[in-house]
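*Asks:* Quick one, fold the following:
(one chain, ligands or ions: 1)
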Amino acid sequence: MELHLDSISKPTEKGQEDEFEKSFKEMISTLPKGNGWGVSEDLCQYQGFWLHPSFLRGVVSAQQRFQAQPTDIILCSVPKAGTTWLKSLTFSTITRTSYDDSTTPLLSTVPHDIVPFMELHHDQFYTNRDRGTPLLSTHIPYSSLPRSVLGSGCKIVYICRDPKDSFVSMYHFIFRNVATTEAQPLGLDEAFELFCEGQSFYGPYWDHVLGYWKASLEHPGKILFLKYEEMSDDTLLHVKKLAEFIGYPFSFEEQQNGMPEKIVKRCSFEKLSNLEVNKNGVYGKPSTGFVENKTFFRKGKVGGWKDCLTPEMAARLDQITTQKLSGSGLSL
Ligand SMILES: Nc1ncnc2c1ncn2[C@@H]1O[C@H](COP(=O)(O)OS(=O)(=O)O)[C@@H](OP(=O)(O)O)[C@H]1O
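*Replies:* Numbering: from 1, shown residues only. Got it, this is the predicted structure:
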């Protein structure tokens, strides 16, 4: 796909926003369109991946104006792979000398408002950086990350998950949120077919994962590659690994005092999903719409797909995964 980024003026000043919008609309009209899973607009294929227009606007904007710094830490993920969990764990790790179980902002704020998405909330991120928590997140595929991210040498932590569980999670997320609007969510079979064909939010799923996987092999000191299943299996080990990687290792004394264990517990599915803010709050903004926070906390299980997919569907996804990841050294 030919890129037209240079034709989009950079909206660095307020007066240029209209210009940006105009150029963006022109650019988006040239992109291939795909099924939006019942969400208000079609997905657009941009730089090889399927994006919803309101996220795409943020992606293009981030590509043009996001300036990474070497001290930034960017949490990247394919949707529905454990982003919310990773945000909670990383934030708690970095701020462990400022907050404890009774003062953590996680008690009253959904993790997505604590660690903003690059494509949705630049401004919040810059404020966070000023406050000393240089954490940002994104679903942007590796090959589409703003150039400054790759050039800055900042740290990237990526999380992925068994596509069977991610698909089921995505399907329920769309179903539950779209069902509250006038749009009609897709049926499971139709959504499954689209997912298999690669037409899902920020999909093809496998290309997203492979992009970060290959980059992590090339730059092991800069990109930490995590799997939801391994995190679930031994969360404590992974929190220590995460802390070490991002430059906030637990001291011997902290380990003796059970600090890593406290963080694991504070960010557990059981704890977070039972907080008032995550049961009844909403997340989003008028331009992209709102979703209920509870839809980020559904089951939080490995292998939950078994309640939803037939053995045939599971076999088909497994077969695609084996074929797509063949020769990469990665298994999911
Ligand atoms: N703390 C914690 N521990 C373990 N698992 C958790 C946690 N928080 C959220 N979840 C589960 O993660 C799934 C949502 O994925 P994401 O957070 O990546 O969603 S999003 O992309 O940010 O919308 C979704 O998975 P499913 O339950 O299978 O749908 C969530 O339940």
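*Asks:* Tell me the secondary structure at residue 329.
*Replies:* Of the three states, residue 329 takes coil under DSSP: H, G, I helix; E, B strand; the rest coil.
*Asks:* How many residues are close by the residue lying closest to it once chain neighbours are set aside?
*Replies:* Distances taken as CB to CB, 6 or more residues apart in numbering place residue 217 nearest to residue 329, at 7.5 Å, with adjacent residues excluded. Where you see a C-beta, it was placed from the backbone N, CA and C, and this is true even at glycine. If you count neighbours by other CB atoms under 10 Å, residue 217 ends up with 13.
*Asks:* Residue numbering should commence at 22 henceforth.
*Replies:* Noted, 22 is the first residue going forward, which turns the last one into residue 238.
*Asks:* Residue 238 belongs to a helix?
*Replies:* Yes - when three-state DSSP is applied, residue 238 is found to be in a helix.
*Asks:* what's the spacing between it and residue 42?
*Replies:* Between residue 238 and residue 42 the distance, using CB to CB, to the nearest Å, works out to 39 Å.
*Asks:* next one: residue 290
*Replies:* From residue 290 to residue 42 the distance is 39 Å (CB to CB).
*Asks:* for residue 58, same thing?
*Replies:* 25 Å.
*Asks:* out of those two, which sits in the more crowded spot?
*Replies:* Set side by side, residue 58 and residue 42 show more neighbours around residue 58, with 25 against 14, by other CB under 10 Å.
*Asks:* Spell out the residue ranges of the strands in the stretch 172-321 of the chain.
*Replies:* Assigned by DSSP state E, counting those that start in this stretch, the stretch 172-321 of the chain shows strands spanning 176-181, 244-248, 303-306, 310-313.
*Asks:* Out of those strands, which one sits most buried?
*Replies:* strand 176-181 (a mean of 23; mean count of other CB atoms under 10 Å).
*Asks:* Next, the angle strand 244-248 makes with that one.
*Replies:* Relative orientation of strand 176-181 and strand 244-248, computed by axes from the mean of the first three to the mean of the last three CA atoms, to 10 degrees: 20 degrees.
*Asks:* So which other helices or strands are in contact with strand 176-181?
*Replies:* Here strand 176-181 touches strand 94-98, helix 104-115, helix 226-239, strand 244-248, helix 249-254, helix 256-266, going by 3 or more CB pairs under 8 Å, 6 or more residues apart in numbering; DSSP states H and E.
*Asks:* Could you check these and tell me which one is nearest the ligand?
*Replies:* Closest to the ligand of those, according to CB to the nearest ligand atom: helix 104-115, at 3.2 Å.
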